[in-house]
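Visitor: 3D model of this:
(2 chains)
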Amino acid sequence: MTTPMIEIDTVTKYFGDKLVLDRVSLTVNPHEVVCLIGASGSGKSTLLRCVNRLVEHDYGAIRLDGVPVDDAAFGKTGLQKRAGIVFQSYNLFPHMTVLDNITLAPRRVHGVARIEAEDRGREVLARFGMDGFAGSYPEQLSGGQQQRVAIARALMTRPDVLLLDEITAALDPELVGEVLAIIRGLKDDGMTMMIVTHEMGFARDCADKVAFLDGGTILEEDTPTRLFDTPQEARTKVFLQRIVESGRL
Amino acid sequence: MTDDSPAQAGPQDHARRGPPPPPPSKRGFDWRAAAVPTAISAVSIAVVFGVLSWLVTSAEQWPRIRLQFFNIDAMIAAFPRVLQGFWVNMQVWLTVLACILVWALVLAIVRSLRAPWFAPFRLMVVIYIDLFRGVPVLLLVLLFGFGIPALNLPGLPSSGLFWGSVAMVLSYASYVAEIYRSGIDAVHEGQRAAAKSLGLSEWQTLRYAILPQALRNVVPALMNIVVALQKDVALLSVIGVRDAVREAQIYTASTFNYSSLIVAAGLFLLATVPMARLADYLTQRDRQRRLQVAG
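Guide: Next comes the predicted model:
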């Protein structure tokens, strides 16, 4: 049996007195794509952020490739190198060009030489059809283009895992497709991904596993076909019914 | 579906033949439409200001006022010394300004670093800012400018100009540090999250991600400080620095005529009014930039 890429083991998290994650366990195997779905405030983004320690969990354990994420073995920046994250609001640095945005971490954190980092940067941009925008500033790009740059930035250090936090939620509907196409491409390359999403259609045909979070716990976890077609829990049914009514499935 | 197939032409198509009308900005300035309001403005300004100046100059006391404050001969006589003094003001202004901007940045950075072992330094900055913001600048200038040179400390400069300037820097830096801090706080939390997720240390996050945005945010607020400082450097005249105000006072003391102070005031206005306009312009540009980003 292979070591899981991400192993979340009875993780609990409070924000002050508010319980946001209640003994959550989840396993993501290498090359697997796991989608987290659920209503706002269900804890799915917090769970994702616990994996790369943007949020520190209070109880339980999270292991990346068998090593606890808070283990000293990662050093100061090892975890960030191996687990990239992309945010809903892109969070590109507005005062830097696209190329500077994506080469910042390799150069300043991982000590890669400028020329080398920029070569790699251009290569990643070209792959996402953004090679013409290396010298542009984020505000000159569309939302979809900005998000493609953000994905490129997260991939610069060749991470083992990509964490995606509602990356299409801020996009105009006609731009969602270009970003999802990139994620599908990454799946085909064997990237392990944990994805918080509201795009149920995408989750259905791209995920290996879908977990439904409600009130800080994983209520149901199954293959997309089974979870979407024959949900077992009443709360899951209600949630999916609402999604159908809003026309997103 | 071509444009000239009449069978499919809707009711809108008739009005849409040919190129669209040019953008309004390309139409050129319409003199005829602008003439009437412009004329009204000009006439009303002339009338109001004319009446006001007639009222002032026809007052019984006016000749005495003019002799005391607007005496051309006295102005010409005082001008070279006052101008020389004003040159001192401008030199002090620029030097002090540079020191303030750097020192305040150090204060703001120390205050915004969150590492636990930094706590004593953070506390020191908080106390510093409370202290220097809470004491009148004039008091500090007197304390430093007269007090420290009197100590004759070995190895330290003993000029009142130097220590008076230090007092200005220490006082103004406490305000500017707070402006910087507001700029740092105004940078969106997502920027910190992004930097942290890329593995940047706290210092790197500040250096590469936060500060460049923060400094850009606070330019308009800083400009107001720059203008205020430009005239507040005249406070150094109280410790005997021979700046424009001091030179004007010296002239006043020997002639009992105050026109020299008006000369100094005129010089200050020549410097501060353009700076204030520049501040307005930068504020305006900053607002437009924010609107664009928001839209």
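Visitor: Next SSE downstream of the one helix or strand residue B:231 maps to?
Guide: Assigned by DSSP states H and E, residue B:231 belongs to helix B:211-232. Of the helices and strands lying after helix B:211-232 in sequence (DSSP H and E), the nearest is helix B:244-255.
Visitor: ok, now how distant is residue A:33 from residue A:212?
Guide: Residue A:33 sits 16 Å away from residue A:212, going by Cβ to Cβ, to the nearest Å. For glycine as for every other residue, the C-beta is placed from the backbone atoms N, C-alpha and C.
Visitor: likewise residue B:274?
Guide: 64 Å.
Visitor: for residue A:112, same thing?
Guide: As for residue A:112, its distance to residue A:212 is 40 Å (criterion: Cβ to Cβ).
Visitor: quick one: which of those two has more around it?
Guide: Each of residue A:112 and residue A:212 has its neighbours counted (other Cβ atoms under 10 Å in any protein chain shown); residue A:212 has more, 26 against 19.
Visitor: Hey, what's the angle from the lengthiest helix in chain B to helix B:211-232? Just curious.
Guide: Longest helix of chain B, by residue count under DSSP state H: helix B:72-112. Put simply, helix B:72-112 runs at 150 degrees to helix B:211-232, going by axes from the mean of the first three to the mean of the last three Cα atoms, to 10 degrees.
Visitor: if you skip the residues just before and after it, what's nearest to residue B:122?
Guide: Computed as Cβ to Cβ, 6 or more residues apart in numbering or on different chains, the closest residue to residue B:122 that is not its neighbour in sequence is residue B:111, at 5.7 Å.
Visitor: for the one you found, what are its contacts?
Guide: Counting by Cβ atoms under 8 Å, 6 or more residues apart in numbering or on different chains, residue B:111 makes contact with B:122, B:125-126, B:177, B:181.
Visitor: What score does residue 66 have for pLDDT?
Guide: Picking chain A for this. We note a pLDDT of 92 for residue A:66 in this prediction.
Visitor: my bad, chain B
Guide: If you check residue B:66, the pLDDT there is 86.
Visitor: Tell me if residue A:21 really is in a helix.
Guide: No: the assignment for residue A:21 (DSSP: H, G, I helix; E, B strand; the rest coil) gives strand, which keeps it out of a helix.
Visitor: which residues does it bridge with?
Guide: According to DSSP bridges, the partner residues bridging residue A:21 are residue A:13.
Visitor: who touches it in this structure?
Guide: Neighbouring residues of residue A:21 by Cβ under 8 Å, 6+ apart: A:11-13, A:43, A:46-47, A:50, A:57, A:216-217.
Visitor: which one of the residues you listed has the most neighbours?
Guide: Within those, most neighbours by other Cβ under 10 Å means residue A:47, with 28 neighbours.
Visitor: what sits against that residue?
Guide: A:8, A:11, A:21, A:24, A:26, A:36, A:213.
Visitor: Most widely separated two among those?
Guide: A:11 and A:36 (13.1 Å; Cβ to Cβ).
Visitor: Surely residue A:101 and residue A:148 touch.
Guide: No: Residue A:101 lies out of contact with residue A:148 (Cβ atoms under 8 Å); the separation is 11.7 Å.
Visitor: From the chain's centroid, how far away is stretch A:79-93?
Guide: Centroid displacement of stretch A:79-93 relative to its chain, using Cα atoms, centre = their mean, to the nearest Å, is 8 Å.
Visitor: what would the contacts of residue A:21 look like in TSV with secondary structure, pLDDT and distance to residue A:119?
Guide: TSV is the format used below for these (DSSP: H, G, I helix; E, B strand; the rest coil; pLDDT from 0 to 100; distance: Cβ to Cβ, whole Å):
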residue	secondary structure	pLDDT	distance to residue A:119
A:11	strand	95	39
A:12	strand	95	44
A:13	strand	95	40
A:43	coil	92	40
A:46	helix	95	37
A:47	helix	95	36
A:50	helix	95	34
A:57	coil	94	37
A:216	coil	93	44
A:217	strand	94	46
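Visitor: Now render these as TSV, adding distance to residue A:89.
Guide: Below are these laid out as TSV (distance: Cβ to Cβ, whole Å):
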residue	distance to residue A:89
A:11	25
A:12	27
A:13	22
A:43	19
A:46	16
A:47	19
A:50	19
A:57	23
A:216	23
A:217	27
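Visitor: If you count contacts, what does the longest helix along chain A end up packed against?
Guide: What stands out as the longest helix in chain A, according to DSSP H, is helix A:173-188. Packing contacts for helix A:173-188, counted by 3 or more Cβ pairs under 8 Å, 6 or more residues apart in numbering or on different chains; DSSP states H and E, involve helix A:143-155, strand A:192-196, helix A:200-206.
Visitor: got the ones you listed as a markdown table, with distance to chain B, mean neighbour count and mean pLDDT columns?
Guide: Formatted as a markdown table, the helices and strands packed on helix A:173-188 follow (distance: least, Cβ to the nearest Cβ, whole Å; neighbours: other Cβ atoms under 10 Å in any protein chain shown; pLDDT from 0 to 100):
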| stretch | distance to chain B | mean neighbour count | mean pLDDT |
| --- | --- | --- | --- |
| helix A:143-155 | 7 | 24 | 95 |
| strand A:192-196 | 14 | 25 | 96 |
| helix A:200-206 | 23 | 18 | 90 |
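Visitor: a markdown table for the ones you listed, including distance to residue B:269?
Guide: Formatted as a markdown table, those follow (distance: least, Cβ to Cβ, whole Å):
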| stretch | distance to residue B:269 |
| --- | --- |
| helix A:143-155 | 47 |
| strand A:192-196 | 60 |
| helix A:200-206 | 65 |
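Visitor: got the residues of the stretch 151-295 of chain B near chain A?
Guide: Within reach of chain A by Cβ under 8 Å from any Cβ of the partner chain, the stretch 151-295 of chain B has these residues: B:188, B:190-191, B:193-194, B:196-201, B:204, B:208-209, B:212-213, B:216, B:292-293.
Visitor: Now restrict those to buried residues only.
Guide: Buried subset of those (neighbour count, 16 or more other Cβ atoms under 10 Å in any protein chain shown): B:191, B:193-194, B:196-200, B:204, B:208-209, B:212-213.
Visitor: Can you pull the residues of chain A lying near chain B?
Guide: Counting by Cβ under 8 Å from any Cβ, chain A sits next to chain B at A:52, A:54, A:76-77, A:79-81, A:84-85, A:87, A:89, A:91-95, A:104-105, A:108-110, A:139, A:153-154, A:157.
Visitor: I'd guess residue A:27 is in a helix, am I close?
Guide: No: under three-state DSSP, residue A:27 sits outside any helix and is assigned strand.
Visitor: Pairing partners for it in the sheet, please.
Guide: Beta bridges link residue A:27 to residue A:7, judged by DSSP bridges.
Visitor: List the residues that contact it.
Guide: Per Cβ under 8 Å, 6+ apart, neighbours of residue A:27: A:4, A:6-8.
Visitor: all strands for chain A, in order.
Guide: A:6-15, A:18-28, A:33-37, A:59-64, A:67-68, A:83-86, A:161-165, A:192-196, A:209-214, A:217-222 (DSSP state E).
Visitor: Give me whichever of those is most buried.
Guide: Here the criterion is mean neighbour count by mean count of other Cβ atoms under 10 Å in any protein chain shown, and of the strands of chain A the winner is strand A:83-86, at a mean of 27.
Visitor: That one pairs with which strands, parallel or anti?
Guide: strand A:161-165 (parallel).
Visitor: per-residue pLDDT, residue 52?
Guide: Reading this off chain A. Residue A:52 is assigned 92 on the pLDDT scale.
Visitor: I was after chain B.
Guide: For residue B:52, the pLDDT comes out at 94.
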